[in-house]
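Chemist: Pasting the sequence and the predicted model now:
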Amino acid sequence: DKTPETVAPIVSSMDIKLPVITMNGAAIYDFNKKSYVYHEGINNEIAERILNICDELSINTFTHTIINNVMHIYYGNFTNEEEKRFYNLEKVLPLKNYIYSKLPQGLDVICIMVINKIDKIEILHNRLKGCRDYKNIKVIYERYNEDYYILKVYSGKTSRGSALIKLREMIKSEKVVVFAGVEQDSSMLEVADEGYVVENASITVKENNSQIIGDNESDSVVKTIKKIFYSKVINY
């Protein structure tokens, strides 16, 4: 679920020339063109209602938007030390612009992110589940560290699988091979021509009838890529 800014060092080291799916499928970024070639935003009225709920609960948000191909993140007063630590780490990234301000009217919201302790996260999640908008959003939350969790809200249309379909159309690919390890990857396996799942993935991911390879600690993905692609190149 990385943003282009956090993916950049990985991409540069691997010399990847294709656009990259980021933010759980909410955006596709082309590092060669230095531009977002696709994004899926949350409906403006829904985003506003979610932000109002967060205000009512005294929860700070990091609201992600795209302006001139740069990720702009609007935030308010920090409510815990982890938010501040996260901000200090992220604000130096070149493709991100953090702005201490309420979200201006009319901007397309890609993601609303919250960092807080599990009790606050669950209170917020329960409020969201009780809203009529819940069917139109996708909520993901996971452990960030020992004490804090991160909750992210995306458009309900967002998935890594739907972004993969878009990417396939853009690059006119004849075959798509997916390597999966987490639950959010399942939607990509569903649309792939060939799928591989690391051995230590969750049971949910393994249910996609894909081939199981070694765990993600043993370079099994890299080894499988070499076996699939480089051996074919040599044979030609």
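Modeler: Cool, got the structure. Numbering: from 1, shown residues only.

Chemist: The residue nearest to Phe62 when sequence neighbours are not counted and Asp147: what is the separation?
Modeler: Ranked by CB to CB, 6 or more residues apart in numbering and with sequence neighbours excluded, the top spatial neighbour of Phe62 is Met113, at 4.4 Å. Placement of C-beta: from N, CA and C, glycine included. Distance of Met113 to Asp147, computed by CB to CB, to the nearest Å: 17 Å.

Chemist: Which one's more surrounded, those two?
Modeler: Met113 (21 against 12; other CB atoms under 10 Å).

Chemist: I'd say that one and Leu151 touch.
Modeler: Yes: using CB atoms under 8 Å, Met113 is in contact with Leu151, at 7.1 Å.

Chemist: Can you give me every residue that contacts the nearest residue to Lys34 once chain neighbours are set aside?
Modeler: Closest residue in space to Lys34, ignoring its immediate chain neighbours: Asn69 at 6.5 Å, by CB to CB, 6+ apart. Asn69 is in contact with Lys34, Ser35, Tyr36, counting by CB atoms under 8 Å, 6 or more residues apart in numbering.

Chemist: which of the residues in the helix or strand harbouring Lys120 are buried?
Modeler: Assessed by DSSP states H and E, Lys120 sits inside helix 118-129. Neighbour counts over helix 118-129 (16 or more other CB atoms under 10 Å) mark Lys120, Ile121, Leu124, His125, Arg127, Leu128 as buried.

Chemist: Distance of the closest residue to the fifth one other than its chain neighbours relative to Gln105?
Modeler: Spelled out, that is Arg127. In space, and not counting its chain neighbours, Arg127 is closest to Ile53: 5.3 Å by CB to CB, 6+ apart. Ile53 sits 18 Å away from Gln105, going by CB to CB.

Chemist: Between these two, tell me which one has more neighbours.
Modeler: Ile53 (17 against 7).

Chemist: The more buried one and Cys131 touch, don't they?
Modeler: Yes: counting by CB under 8 Å, Cys131 is a contact partner of Ile53 at 7.5 Å.

Chemist: quick one: the strands in the protein?
Modeler: 20-22, 27-30, 35-39, 62-67, 70-75, 96-100, 109-116, 137-143, 149-155, 177-180, 194-198, 211-213 (DSSP state E).

Chemist: Now do the last one: which elements does it pack against?
Modeler: When you say that, I think you mean strand 211-213. Here strand 211-213 touches strand 194-198, helix 220-225, going by 3 or more CB pairs under 8 Å, 6 or more residues apart in numbering; DSSP states H and E.

Chemist: Poorly predicted segments of this structure, please.
Modeler: Applying pLDDT under 70 to the chain flags the ranges 1-15, 209, 230-236.
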